[in-house]
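Chemist: model the structure of this input:
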Amino acid sequence: MNGTLKFGLSALAGLVTAAALTTGTLAAGTLNGAGGTAIYPVLSVWAQKYQQKTGTAVNYQAIGSGGGIAQIKAKTVDFGNSDKPLMHDELASSHLVQFPQVIITIVPVVHLPGIKSGEMVIDGPTLANIYLGKITKWNDAAIKKLNPHVPLPNMSIVVVHRSDGSGTTFNFTNYLGKVSPEWKSSVGSDTSVSWPAGIGGKGNAGVAANVAQTVGSIGYVEYAYLMENKNITYMNMINHDGKLVKPNMETFQSAAAHADFSKVQDFYLILTDQPGANSWPIVAATYMLMRNDYPAAKNRDILKFLDYGLHEGAADATKLDYVPFPETVVKQIEASWTAQLHAWP
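Modeler: Have a look, this model is predicted:
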């Protein structure tokens, strides 16, 4: 990661600022949001700089995508966030509008003695079989075949997954379903699934902490949380085209380049397992959720902050290894604000 996080992710309390959440806006100059933990590292930087620039405070509870969806539906926050996009009928029935804010990246991480980041490689089917509980040892033949020169220990694998409703989980399990018919038929994809094996951690921070504390473990986290924890290491992956790729901005951008929102309704797009020799296999758009039955003036205040993130915040997103959207997509997003929220410009 090229930037540094001002907020300790491993001790994530879930608030960008300290104000407690109550119904609607707490006071003039205050915005409240809740949702996915994947966006928290960059959103916290945006919030800090936006308050310095405008005086408006942004309170954000990083409680998982499921919590963000529930909170915005219940009208207890001004905006929600989810790494799982919602279908049109659910949006319409709940008076919601969604649009993408930035591209996030999900990376498999491990804690193995003597193994450094990038020394191991995993492919989708093998990763699925680990999470299915079918591969239980690190020196299993399938892992050894992918890593013939790595000193794999004769050690049990401890699977770590999310315990909360999570858009990171939705995209991770969506990917596993694309590379493993057994996963698709027996487990499926959602913000919460019935995990065949493993222990749970709350939020990306919880998964990262569990992996950091547990020798022999494997988990999946948004890339920023990997960079915050020095006791976990990333695995390279075999992508859709059968090529070995490393998690870096080049491979993230290659996968994100397939994000064409012009042909879909409500910006609904799943970006896992994209083609391309240099594409990272597990990337996703993270979505903001707003209500079209809130007053236009209230929504306009929220959009000013989110617009800051799309434009001035793009450099900070890149520093933290998120992929900001090009101006063509930003214009589509802003057009949706005018058409659906009647609150822009």
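
Chemist: outline the domain layout of this structure.
Modeler: Split into domains by automatic domain parsing, the chain comes to 30-104+259-270+284-341, 106-256.

Chemist: of all the ones you listed, which one is nearest A277?
Modeler: When the domains of the chain are compared by C-beta to C-beta, domain 106-256 sits nearest A277, at 4.8 Å. Where C-beta positions appear, they are placed from N, C-alpha and C, glycine not excepted.

Chemist: what about the closest one, how long is it end to end?
Modeler: 13 Å (C-alpha to C-alpha, to the nearest Å).

Chemist: avg pLDDT for that domain?
Modeler: Taken as a whole, domain 106-256 has an average pLDDT of 97.

Chemist: starting at the chain centroid, how far to it?
Modeler: 14 Å (C-alpha atoms, centre = their mean, to the nearest Å).

Chemist: got it, and stretch 36-56?
Modeler: On C-alpha atoms, centre = their mean, the centre of stretch 36-56 falls 16 Å from that of its chain.

Chemist: could the domains of the chain go into a markdown table alongside mean neighbour count and distance to G276?
Modeler: Below are those laid out as a markdown table (neighbours: other C-beta atoms under 10 Å; distance: least, C-beta to C-beta, whole Å):
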| stretch | mean neighbour count | distance to G276 |
| --- | --- | --- |
| domain 30-104+259-270+284-341 | 20 | 12 |
| domain 106-256 | 20 | 5 |
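
Chemist: the ones you listed into TSV, with extra columns for distance to N278?
Modeler: Listed next are those as TSV, based on distance: least, C-beta to C-beta, whole Å:
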stretch	distance to N278
domain 30-104+259-270+284-341	14
domain 106-256	4
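
Chemist: show me the helices in the stretch 51-200 of the chain, by range?
Modeler: Remark: helices assigned in the stretch 51-200 of the chain by DSSP state H, counting those that start in this stretch are 65-73, 88-93, 124-131, 141-146, 167-179, 181-186.

Chemist: what's the closest of these to I115?
Modeler: Between I115 and those, the shortest gap by C-beta to C-beta is with helix 141-146, which sits at 11.6 Å.

Chemist: who does the closest one touch, helix- and strand-wise?
Modeler: Helices and strands touching helix 141-146, by 3 or more C-beta pairs under 8 Å, 6 or more residues apart in numbering; DSSP states H and E, are strand 121-122, helix 124-131.

Chemist: elements contacting the longest one?
Modeler: When you say that, I think you mean helix 124-131. helix 141-146, strand 158-162, helix 167-179, helix 181-186.

Chemist: for I130, find the nearest of these.
Modeler: Going by C-beta to C-beta, the one of these nearest I130 is strand 158-162, 6.4 Å.

Chemist: beta partners for G200?
Modeler: Counting by DSSP bridges, G200 is bridged to H161.

Chemist: still on that earlier bit, now the helices of the stretch 51-200 of the chain in TSV, with distance to G198?
Modeler: As requested, the helices of the stretch 51-200 of the chain are exported to TSV (distance: least, C-beta to C-beta, whole Å):
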stretch	distance to G198
helix 65-73	18
helix 88-93	29
helix 124-131	7
helix 141-146	17
helix 167-179	12
helix 181-186	14
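
Chemist: those helices: which one's closest to A284?
Modeler: helix 167-179 (4.2 Å).

Chemist: report all helices and strands that that closest one contacts.
Modeler: Contacting helix 167-179 under the criterion 3+ C-beta pairs under 8 Å, 6+ apart are the following elements: helix 65-73, strand 96-111, helix 124-131, strand 158-162, helix 181-186, strand 217-222, strand 283-291.

Chemist: report the distance from the first one to the chain centre.
Modeler: Same thing as helix 65-73. Going by C-alpha atoms, centre = their mean, where helix 65-73 is centred and where its chain is centred differ by 15 Å.
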